[in-house]
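> Sequence first, then the predicted structure, then my questions.
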Amino acid sequence: MTYSIEGWQEPTLAENLERAGVSRRDFLKFCGGLAAVFAAGTTVFGPVTKAHADDPTDTPTAGDIADVLGGMTKPNVVWLQLQECTGCVESVLRSGGTTVEDVVLSLLSLNYQEVIMAPSGEAAEKVLYDTLAEDHILVVNGSVPTKDNGIYCVIGGKTSEQILKDAAKNATHILAVGACAVWGSVQASHPNPTRAVGVDQIIKNKPVINVAGCPPIGEVITATVAYILTHGKAPKTDAEGRPLFAYDQRIHDSCPRRSHFDAGQYVRTFDDDAARNGWCLYQVGCKGPSTFAACPIIQWNMHTSWPVGAGHPCIGCTEKNFFDRFTPFYSVLPNVPGLGVEATATKIGLGLVAAAAIGATAHAGVTAARHASGKEREKEAEAMAAFGDEEGWIVADQADQLVDEPVDETINDEPGKAEK
Amino acid sequence: MAEPHVIDPITRIEGHLRIELETENAKITNAWSEATQFRGLEALVANRDPRDVWAFLQRICGVCTTTHAIASVTAVENAIGSRVPPQALLIRDLVMGSAGVQDHVIHFYHLHALDWVNVVSASKADPAAAVEFARAIGSTWKGNTLERMTAVSETIKTILASGQLSIFTGGYWDHPDYRLPPEANLMACAHYLDALEFQRSMIRINTVFGGKNPHPNFLVGGMACTIDPNRSESINHVQIAEIQKWLDEAYEFVTTCYIPDAKAIMGVYKDYFDIGVSSPNYLAVGMLGAAYGGDPNESPAINPMMEVTPGVIFDDDFDTVHTFEASKITESVASAWFKYSKPGSLPPAEGETVVDYTGPTPPYTWLADRTEYTWSKAPRYSDKPMQVGPLARVMLAYARKHPRTVEIVNAAAEQYGITLKQMNSTGGRTLARAVECLTSIEMLVDVTFPKFVEGLKAGDIDVFDSTKWEPKSWPKAADGYSLIEVARGTLGHWVKIKNRKVSHYQAIVPSTWNGGGRDEYGVRSPYEEALASNEHHPLVNPEQPLEVIRTIHSFDPCMSCAVHVLDPQGNELQVAIS
């Protein structure tokens, strides 16, 4: 609390900061934090200064970011919440921990955001449509229910589909934030009773940045906005529209427990000795090998911990259809029905997981990149086996073998499907 | 002649709520509470692995993000006979307690405060006067410095001068019923910003045990995090020290900032102890964090305040507490866009969720001329609408003579010169939330956390019952339920398991109790009743419905929760559009 949030009075952020008594040094410190977030992925930030123009793989320094951010003017933002749970806004509230981060909040004029805005009703509607009449950045939480004329999500008497289309018209950038806005999430899981879809299923004439996750990490949401302000354009994304700066790494590849996977050291059941020693959660269902996210790198709630760090398998919440594709959550990944991913990984520890990687199409490039290192691991695996540490190489237990009593075959066991 | 008014969206709540009103001579004569979002999660959990269901239902709400998950694992554990180790239960208490305290603080400052606090007026305050005001109301918060107040004043002035007002755009700043003096407004604005920092810090208790927040991870049978004072990869004294620090900070914030602010602000708006009088019946199974697997009258409480046992109060009679009987709960769909196969209300165990939308095709302008107008069912206890939440719990605790609650409530009543009965009001609900926040943080600091640390010291590091983890260890058919007191009231989850999959699931949620519509007898639910009960509720300027927002916010609506009444039959939704 050394200085206040400063509102926007001078033309540029740099001048506003100066006016507010924020030193160049403090601002650089803050930008250093952003740089760490951007660098969380690998080499995707791209050149922002001449010094880096020759090397597209370089990541920006705090100084680069400060230069660009400092010159920005203040954009208006409309932040819609459609069919969703408010978890994404809560995640943004948790983002960061310094008062300088609050300065970034004042980078924007957040004119419409239902959870925190002052007015309700007509006055709120007026703010919305006044802002939509001009250029603005559009952030969307939540899915659009398309069934039955949109009756399942109506705000101010209008369907969420109509509001989204109205809001997209003059949007300079569109961010779909959270699993609901990206693909529909839990309500779009089988049987998707309201036929919920993500933003890019409705808005097809403009690019949509998909900030995936249920919810995404607060800092990742903030950094996506900061990226746009810094570059004046959207961040580079993967085939699913996810910003590479936060989604180019598989959790499995940046997991601090990876060495236990490679060494065949697995948690067999929760709270066993292996769990207390922080061994690999693959055998209790971790979806890290199929999930692209920066959780192990950025972590959650001001770097306090992250799901695997707190002993629970990753449930893969940054991946499409994870409620259907990755369930049962506690089943070993290759046994996940219909996944078709890493099916050869029943002999894990041999590096085949990495070789097979994920998503034949979407992540083909990444898969290829991993291929070589996979072969390296194979050699390591053989070396480890020579030390007699063989137990982990073979995953004998298939999840369905755990159920050894016959079940009633007459029941329909399709998830979400009704019993007649 | 009654004038119709619509307020949609109601902002600074969770989810989508529309209020329709009729007024005469600036008083509300009738009101309708309308939930306008439906996600149909009821169809999704059928035939899933019961151990997975917490993760689906947690996504009902990202604000009360721990509660549905804990309710779900507790119900499943009750069904399969899992015995959760005491340390794991204490961890859940810590997670839910810290999230509850955080939730109440966010509600007061970030969802409710702008109903009472005028940001434009704050810009006119002398920062020194704000420091003095804080001192005068007994706020010893460390942020009450001249430097801080000056900085916040400068911030507000700059934002107002820029013409880009961000979240303050379109606020009712010229409304005549903003009554705080400029210095009080400035102090409250500073505390609003401090509370943002507070909530970020406090929630890390969730992250230590659940890995993230929102939507921390839970586990049927215990917790997935491990605890061991002698291992670096388990939660040990490094985290214990951090948690102690965060709890101490939370205690400081609640006692030196939130409580004095809430008392002072409600003191200025004392007439709100006569406004917003709602249904005179209350239901609670304990204080915030009370959790029961199975019948609360039979099962041992997992209850931070054991002496506040489940109970029901009727007709504002705080001298008589009736035994809580889950069998007396029913739900009506008389005003909701659902239909039952038979007339009347149904108990939860026989409930049905079949969509029957009879409303207009959007865009629409008025819903209340139709019998059905909401996606929320209307729960009833003994056919009566019940208030649930902090007010219900505090009044139950008072009636149960919980010493600390009696002490705080009596002191407040004396300060305001109000009777106990006047707690049934907009001011009463807001005050009760603060009272509960105080007793909750005291409980966490003085009892729950020390008990957990004591266990750790004694070598009790078990956090998971592995004996009931594998589905083959379960009976072929099982059912169970949970009842839990969460930030907004009483939450119940009911589960039936057949062939190791979920065959039936149902939840009854706090905001359904408070925010539903009329029942088949035409009796209003608590939101509606609070606005229209005695044709006394003011609404001076319908274009700036400040008074209505105050009363609705006093319930802390969570509308995504409200519309998730789950179908016990696991039926796929049948939709009939008429």
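Cool, the structure landed. Residues are numbered from 1 along each chain as shown, chains lettered A, B, ... in the order given.

> drop to CA atoms for contacts and neighbour counts, all remaining ones
Noted.

> Need the pLDDT of A:Gly21.
pLDDT recorded at A:Gly21 is 67.

> List the buried residues in stretch B:473-491.
By neighbour count with 16 or more other CA atoms under 10 Å in any protein chain shown, stretch B:473-491 contains the buried residues B:474, B:476, B:478-491.

> so where is chain B shaky, pLDDT-wise?
Scanning chain B for pLDDT under 70 picks out B:42, B:299-304, B:564-578.

> Once you drop chain neighbours, what's closest to the residue nearest the centre of it?
The residue lying closest to the centre of chain B (CA atoms, centre = their mean) is B:Arg488, at 2.0 Å. In this structure, B:Arg488 finds its nearest non-sequential neighbour in B:Gly389, 4.6 Å apart by CA to CA, 6 or more residues apart in numbering or on different chains.

> ok, the one you found - contacts?
B:Ala284, B:Glu485, B:Val486, B:Ala487, B:Arg488, B:Gly489, B:Thr490, B:Pro510, B:Phe555 (CA atoms under 8 Å, 6 or more residues apart in numbering or on different chains).

> Next, work out how far apart it and chain A are.
Per CA to the nearest CA, to the nearest Å, B:Gly389 is found 20 Å from chain A.

> just the helices in the stretch 151-300 of chain B please.
Under the criterion DSSP state H, counting those that start in this stretch, helices of the stretch 151-300 of chain B are mapped to B:182-202, B:204-210, B:237-253, B:259-268.

> Can you verify my assumption that B:Leu491 contacts B:Ser511?
No: with contact defined as CA atoms under 8 Å, B:Leu491 does not count as touching B:Ser511 (9.3 Å).

> tell me the SS of A:Leu138?
Taking DSSP: H, G, I helix; E, B strand; the rest coil as the rule, one finds A:Leu138 in the strand state.

> Report the beta-bridge partner residues of it.
A:Val78, A:Ile174 (DSSP bridges).

> Report the contact partners of it.
Here A:Leu138 is in contact with A:Val77, A:Val78, A:Trp79, A:Leu80, A:Ala167, A:Ala168, A:Ala171, A:Thr172, A:His173, A:Ile174, A:Leu175 (CA under 8 Å, 6+ apart).

> What pLDDT does the model give the third one?
Per-residue pLDDT puts A:Trp79 at 95.

> what about the helix or strand harbouring B:Asp479 and chain A, any contact?
Element membership for B:Asp479 (DSSP states H and E) is strand B:477-486. No: figure legend: strand B:477-486 not in contact with chain A (CA under 8 Å from any CA of the partner chain); closest approach 11.3 Å.

> Please enumerate the strands of the stretch 251-400 of chain B.
In the stretch 251-400 of chain B, the segments counted as strands under DSSP state E, counting those that start in this stretch are B:282-284, B:291-293, B:311-313, B:329-332, B:338-339, B:354-357, B:378-381.

> and B:Arg393, which of these is closest to it?
Checking the strands of the stretch 251-400 of chain B against B:Arg393 by CA to CA gives strand B:282-284 as the closest, at 5.7 Å.

> I'd like to know which elements that closest one is packed against.
strand B:311-313, helix B:390-399, strand B:489-498 (3 or more CA pairs under 8 Å, 6 or more residues apart in numbering or on different chains; DSSP states H and E).

> where does the stretch 301-420 of chain A have low pLDDT?
A:334-420.

> at 50 instead, please
Within the stretch 301-420 of chain A, the stretches with pLDDT under 50 are A:335-413, A:418-420.

> in the stretch 1-150 of chain A, what residue is nearest chain B?
For the stretch 1-150 of chain A, the residue closest to chain B is A:Gly87, as judged by CA to the nearest CA, at 3.6 Å.

> Domain-wise, how is chain A divided?
Split into domains by automatic domain parsing, chain A comes to A:13-247, A:251-402.

> looking at the ones you listed, which one has the lowest mean pLDDT?
Looking at those, the weakest mean confidence is domain A:251-402, a mean of 68.

> hang on, the earlier thing: quick one: which of the helices of the stretch 151-300 of chain B is nearest chain A?
Nearest of the helices of the stretch 151-300 of chain B (CA to the nearest CA): helix B:182-202, 4.8 Å.

> what helices or strands is that closest one leaning on?
Counting contacts by 3+ CA pairs under 8 Å, 6+ apart, helix B:182-202 packs against helix B:86-106, helix B:119-122, helix B:127-136, helix B:146-162, helix B:237-253.

> possible to save these as a markdown table with distance to B:Lys328?
Shown next, in a markdown table, are the helices and strands packed on helix B:182-202 (distance: least, CA to CA, whole Å):
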| stretch | distance to B:Lys328 |
| --- | --- |
| helix B:86-106 | 27 |
| helix B:119-122 | 46 |
| helix B:127-136 | 47 |
| helix B:146-162 | 52 |
| helix B:237-253 | 38 |
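
> which stretch among the ones you listed comes nearest chain A?
Smallest distance to chain A across the helices and strands packed on helix B:182-202 (CA to the nearest CA): 4.3 Å, for helix B:146-162.

> So is the closest one next to chain A?
Yes: contact of helix B:146-162 with chain A (CA under 8 Å from any CA) involves B:Arg148, B:Ala151, B:Val152, B:Glu154, B:Thr155, B:Ile156, B:Lys157, B:Thr158, B:Ile159, B:Leu160, B:Ala161, B:Ser162.
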